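*Asks:* sequence below, structure please.
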Amino acid sequence: MNKIKRLAGILWIVIGPLAAFYLIKTAVQEIAAKPTVDTKIQWFVFAGVFIPIAIGMMIFGYYALKGEYDHLPESSEELTD
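*Replies:* Okay, here's the model as predicted:
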């Protein structure tokens, strides 16, 4: 199971920048197609929300690859120990 978690970590590290790139590419295309203030505001809001999510995906993947999730607590009692 730990190998699967580490492979998933690599996947998250790769998906994060790809998602950010696709978002920015789409935003540039949409703004170029219709350069109004409404379109610019819409895409800046989208980027402002989803770029941090993509960064979080990369951080999550880094920790999964590093092995931080190899042993997770089984119950709430282990959380307090």
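*Asks:* where in the protein is pLDDT low?
*Replies:* In the predicted model, the chain carries pLDDT under 70 at residues 73, 75-81.
*Asks:* hmm, try it at 90
*Replies:* 1-5, 67-81 (pLDDT under 90).
*Asks:* longest helix anywhere in it?
*Replies:* helix 2-33 (DSSP state H).
*Asks:* tell me the buried residues in that one?
*Replies:* For helix 2-33, the neighbour count (16 or more other CB atoms under 10 Å) marks Lys5, Arg6, Gly9, Trp12, Ile13, Gly16, Ala19, Ala20, Leu23, Ala27 as buried. In this view, the C-beta of every residue, glycine as well, is placed from N, C-alpha and C.
*Asks:* quick check: the fourth one vs Ile41, distance?
*Replies:* Computed with CB to CB, to the nearest Å, the distance linking Trp12 and Ile41 is 30 Å.
*Asks:* quick one: contacts for Met58?
*Replies:* Listed by CB atoms under 8 Å, 6 or more residues apart in numbering, the contact partners of Met58 are Trp12, Ile13, Gly16, Pro17.
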